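Enquirer: sequence? don't have it. structure:
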């Protein structure tokens, strides 16, 4: 008896709604369509579904059954309306005579004791200006102390 109950829980009821994955993979259209479960096929594994928009029955294995209800179910809407129309009894709240004292147990935020330093941005730019001490003209080169080394290097490069 317990085995039959387990099997019946797996079976879906006829007419239950399900989202069935579309076979056509197009970016602009939805990936699934809302269909109704019709039954089980004998030849293949899967489910029979009825698509109300295309008005056709097809077999699919890729489906997610909606167990909470179907958006077009009128029975659920009628039940909700009947429940809301009934009067709900309201309970009176008992107030105590003791005054309400607000509690201020909010902890004070702790400030950081770390000393913040500004980042050294573009600190390397002044070093590049100091390192470029090459002479700009030939006259400056010849008046330098190491002019003989410059002349030797020029002869070597031309050479």
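Expert: Arrived safely, thanks for sending. All figures in this text were calculated on a predicted structure; none of them were measured in a lab. Numbers count the residues shown, from 1 in each chain.

Enquirer: Show me which strand runs longest in the protein.
Expert: The strand that spans the most residues within the chain, counting by DSSP state E, is strand 32-39.

Enquirer: and the next helix-or-strand element following that strand, what other elements does it pack with?
Expert: Downstream of strand 32-39, the first helix or strand assigned by DSSP states H and E is strand 47-51. Packing contacts for strand 47-51, counted by 3 or more CB pairs under 8 Å, 6 or more residues apart in numbering; DSSP states H and E, involve strand 17-21, strand 32-39, strand 56-60. Quick note: C-beta positions are derived from backbone N, CA and C, even for glycine.

Enquirer: Tell me which residues of strand 47-51 come out buried.
Expert: Residues of strand 47-51 classed as buried by neighbour count (16 or more other CB atoms under 10 Å): 47, 48, 49, 51.

Enquirer: Tell me which two of those sit farthest apart.
Expert: 47 and 51 (12.5 Å; CB to CB).

Enquirer: re the thing from before, what comes into contact with the longest strand of the chain?
Expert: 12-22, 47-53, 57, 63-65, 71 (CB atoms under 8 Å, 6 or more residues apart in numbering).

Enquirer: Give me the sheet partners of it and which way each runs.
Expert: With DSSP bridges as the test, strand 32-39 is paired with strand 17-21 (antiparallel), strand 47-51 (antiparallel).

Enquirer: now these in JSON lines, with distance to residue 32 and mean pLDDT?
Expert: Formatted as JSON lines, those follow (distance: least, CB to CB, whole Å; pLDDT from 0 to 100):
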{"stretch": "strand 17-21", "distance to residue 32": "4", "mean pLDDT": "87"}
{"stretch": "strand 47-51", "distance to residue 32": "11", "mean pLDDT": "89"}
